[in-house]
Each structure stands twice: as structure tokens, then as C-alpha cells.
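Participant: Give me the fold of what follows.
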Amino acid sequence: MRTNIVIDDNLMEQAMRVSGLSTKKEVVNRALSEFVLRHTRKDLLELRGKIQFADSYDYKAARKGR
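Facilitator: Below you'll find the model as predicted:
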């Protein structure tokens, strides 16, 4: 989708520098992707008390496979 927007030049330069991306289009696409990913992730606090583990679940044994 082609869109014309006004973006703060200093902010764009800083985003390009810290991201290592070379075009404004890449920076905007990366920012939008990260925004969507961040805001669609479940907040761990929202999940508190909603996950029930099996009585036989051993988290220490599960970590040994890492």
C-alpha cells in the first residue's frame, strides 16, 4: 500500500542508525512488524492463574534437555 506520511527526520535517522537498515521503507516496515508483534503477544500477567500444569509435570526435568 502506497502512503505518504510526514516523519520526524531526526527520529528516522536515529532509527536507521540503530537498526542498521539502509532505507526508510525498511525502517517503517520493521517498526510496523515489531509493533504488531509486541501488541499481539499475551501479557504474562494476564495468564497468571489460567494455566494449569499436570500434577506429574517436572519443570526441572524439562530444562535438562536444553
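Participant: what about Val27, neighbour count?
Facilitator: Counted with other Cβ atoms under 10 Å, residues neighbouring Val27 total 22. No exception for glycine: its C-beta is placed from N, CA and C like everyone else's.
Participant: Residue ranges in this structure under the pLDDT threshold?
Facilitator: 65-66 (pLDDT under 70).
Participant: Show me the helices in it, by range?
Facilitator: Taking DSSP state H as the criterion, the chain carries its helices at 9-19, 24-40, 44-47, 59-64.
Participant: Tell me which of these lies nearest to Arg2.
Facilitator: Among these, the nearest to Arg2 by Cβ to Cβ is helix 24-40 (10.6 Å).
Participant: tell me the angle the closest one makes with helix 9-19.
Facilitator: Counting by axes from the mean of the first three to the mean of the last three Cα atoms, to 10 degrees, helix 24-40 lies at 80 degrees to helix 9-19.
Participant: Adding distance to Phe53, write the helices of the chain out as a markdown table.
Facilitator: Below are the helices of the chain laid out as a markdown table (distance: least, Cβ to Cβ, whole Å):
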| stretch | distance to Phe53 |
| --- | --- |
| helix 9-19 | 39 |
| helix 24-40 | 25 |
| helix 44-47 | 12 |
| helix 59-64 | 8 |
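Participant: and Met1, which of the ones you listed is closest to it?
Facilitator: Between those, helix 24-40 lies closest to Met1; by Cβ to Cβ that is 11.0 Å.
Participant: elements contacting that closest one?
Facilitator: With contacts taken as 3 or more Cβ pairs under 8 Å, 6 or more residues apart in numbering; DSSP states H and E, helix 24-40 sits against helix 9-19.
Participant: Give me the distance from the helix it packs on to the chain's centre.
Facilitator: The chain centroid and the centroid of helix 9-19 are separated by 18 Å under Cα atoms, centre = their mean, to the nearest Å.
Participant: What residues sit buried inside that helix?
Facilitator: Using 16 or more other Cβ atoms under 10 Å as the test for burial, helix 9-19 gives Ala15.
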